[in-house]
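Engineer: Compute the structure for the input listed below.
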Amino acid sequence: MAEYSAARSVLVTGGNRGIGLAIARAFAEQGDKVAVTYRSGEPPAVPVKGEGSFLAVRCDITVPEDVERAFQEVAQAHGPVEVLVANAGITRDTLVLRMSDEDFDAVVDTNLKGSFRVARLAAKGMLRMRRGRIIFISSVVGLSGSAGQVNYAASKAGLVGMARSLARELGSRSITANVVAPGFVDTEMTAVLTEERRAQIVSQVPLGRYASVDEVAGVVKFLASPDAAYINGAVIPVDGGLGMGH
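Structural biologist: Purely as a prediction, here's the structure:
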């Protein structure tokens, strides 16, 4: 089992709010050196314990030059990325007959190709170190599908194939690649839903509630821990049982 330093260099894309910010906080609070990317809306201050640190880097993951620059900034401040959490994503929901090529391309370019861009750069440094963790944030929708989300579901399903291919390609160098697939999570995005819609959603979840962002972050932190060193190519649902069978 590969050994990890007490304070690793961790990069979380889309870490300025919601699930991404909760993941960044979880790593920072255990003393890791955490960097987050954001396209707009700089993240709030993050509490840091021990020798940990926190860095916010403006980066549009659909722009290759931005990604290159962000990795250089992170490496200069914290060292090569040892843990990558590819979380950044967007939605452009509409029924398939109304979905434009632009709607489809924008979501896939951010959610899937953006994840590829950051994983490729992270893998380069991890291969030199002969260790690393790559964790993709997918969705229950990527496994079960959802009306009006052909683009989003396709992008999130693609992360599973990407992770499993990387798991086979990089595993011999003690680099793991896994997927976390959240269900409905209590975030700013879901807070704007009507009470009727929230009740309808909760009725589909066996546990009868939304997940908290901290519950998703806890699973991500576990996958990056020494205890998860032999988990590779896995898809871990954090969905209250919503996606069982998928």
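Engineer: ok, the residue nearest in space to the middle of the chain - contacts?
Structural biologist: Centroid-nearest residue in the chain, with CA atoms, centre = their mean: Asn87, separated by 2.6 Å. The contact partners of Asn87, by CB atoms under 8 Å, 6 or more residues apart in numbering, come to 12-15, 19-20, 23, 137. To be clear about C-beta, it is placed using only N, CA and C from the backbone, and glycine gets the same treatment.
Engineer: so which of the residues you listed comes closest to Ala122?
Structural biologist: Minimum distance to Ala122 across those is 10.2 Å, recorded for Thr13 (CB to CB).
Engineer: Could you check how many residues crowd around the closest residue to that closest one other than its chain neighbours?
Structural biologist: Spatially, and ignoring its direct neighbours in sequence, Thr13 is nearest to Ala88 (3.9 Å; CB to CB, 6 or more residues apart in numbering). When neighbours are defined as other CB atoms under 10 Å, Ala88 has 25 of them.
Engineer: returning to what we had before: adding pLDDT and secondary structure as columns, could you present the contacts of Asn87 in CSV?
Structural biologist: As requested, the contacts of Asn87 are exported to CSV (pLDDT from 0 to 100; DSSP: H, G, I helix; E, B strand; the rest coil):
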residue, pLDDT, secondary structure
Val12, 98, strand
Thr13, 97, coil
Gly14, 94, coil
Gly15, 91, coil
Ile19, 95, helix
Gly20, 95, helix
Ile23, 96, helix
Ile137, 98, strand
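Engineer: Tell me the most packed of these, by neighbour count.
Structural biologist: Val12 (32 neighbours).
Engineer: Next one: that residue from Arg131, what distance?
Structural biologist: Distance of Val12 to Arg131, given as CB to CB, to the nearest Å: 18 Å.
Engineer: before we move on, what about Val118?
Structural biologist: For Val118, the distance to Arg131 - CB to CB - is 18 Å.
Engineer: Ok, Gly240 next?
Structural biologist: 33 Å.
Engineer: in this protein, which spans are strands?
Structural biologist: Along the chain, counting by DSSP state E, strands occupy 9-12, 33-38, 53-58, 83-86, 132-137, 175-182, 235-238.
Engineer: Out of those strands, flag the one nearest Asp109.
Structural biologist: Across the strands of the chain, Asp109 has its closest neighbour in strand 83-86 (13.7 Å, CB to CB).
Engineer: Please name the strands paired to that closest one in the sheet, noting orientation.
Structural biologist: Within its sheet, and counting by DSSP bridges, strand 83-86 is paired with strand 9-12 (parallel), strand 132-137 (parallel).
Engineer: Quick check: mean pLDDT of it?
Structural biologist: Taken as a whole, strand 83-86 carries a mean pLDDT of 98.
Engineer: Can you give the distance of that strand from its chain's centre?
Structural biologist: 7 Å (CA atoms, centre = their mean, to the nearest Å).
Engineer: Can I get it in PDB, CA atoms only?
Structural biologist: C-alpha atoms of strand 83-86 as PDB (Å, rounded to 0.1, in the frame of the first residue of the first chain):
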ATOM      1  CA  VAL A  83      -5.500  13.900  -4.900                       C
ATOM      2  CA  LEU A  84      -7.700  15.200  -7.700                       C
ATOM      3  CA  VAL A  85     -11.500  15.600  -7.200                       C
ATOM      4  CA  ALA A  86     -13.100  16.400 -10.500                       C
END
